[in-house]
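[1] structure for this input, please:
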Amino acid sequence: MSDFSLSDLERIVAERASAPPDQSWTAKLVAAGQPRAAKKLGEEAVETVIAAISNDRKNLTDEAADLLYHLLVVLKIADIPLADVHAELERRTAQSGLQEKESRPAK
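    Okay, the predicted model is just below:
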């Protein structure tokens, strides 16, 4: 198994975001702004769900990779480091998901 991590992908996204938009898909998405990047993230989420429902293991793997990549692009544009997401996940996993949901303020 590879040592490649989401932190590695975050670094690559940051590097490619600074390239000219005509030379990098990442730079093109960043240049288009958050609405375009978020729309692409949503498209990838839907494709991931369809692959999961279809029990298509290979396609689910491919779409999950696309989804994670586009999520990191959206986070990059929003200037939210992956470390912040890790910290939130760590905070949430200190208790069960049911307990965490019950502790949220009522909407």
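
[2] how near is residue 99 to residue 89?
    As judged by CB to CB, to the nearest Å, residue 99 and residue 89 stand 15 Å apart. Yep, even glycine has a C-beta here, placed from its N, CA and C like the rest.

[3] give me the mean pLDDT for stretch 76-96.
    Average pLDDT, stretch 76-96: 94.

[4] roughly how far is that stretch from the heart of the chain?
    12 Å (CA atoms, centre = their mean, to the nearest Å).

[5] and residue 74, what element?
    Element membership for residue 74 (DSSP states H and E) is helix 57-77.

[6] so what does that helix touch, helix or strand wise?
    helix 6-17, helix 25-32, helix 34-53, helix 82-92 (3 or more CB pairs under 8 Å, 6 or more residues apart in numbering; DSSP states H and E).

[7] tell me which of those sits most buried.
    helix 25-32 (a mean of 19; mean count of other CB atoms under 10 Å).

[8] what's that one in contact with?
    13, 16-22, 36-37, 40, 70, 73, 76-77 (CB atoms under 8 Å, 6 or more residues apart in numbering).

[9] sorry, back to before: could the helices and strands packed on helix 57-77 be laid out in JSON lines, adding distance to residue 62?
    Below are those laid out as JSON lines (distance: least, CB to CB, whole Å):
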{"stretch": "helix 6-17", "distance to residue 62": "15"}
{"stretch": "helix 25-32", "distance to residue 62": "16"}
{"stretch": "helix 34-53", "distance to residue 62": "8"}
{"stretch": "helix 82-92", "distance to residue 62": "21"}
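
[10] roughly how far does residue 28 sit from residue 5?
    25 Å.

[11] also residue 59?
    23 Å.

[12] of the two, which one has the most company?
    residue 59 (15 against 10; other CB atoms under 10 Å).

[13] now the more buried one. Nearest residue, chain neighbours left out?
    residue 51 (4.1 Å; CB to CB, 6 or more residues apart in numbering).

[14] tell me the contacts of that neighbour?
    59, 60, 62, 63.
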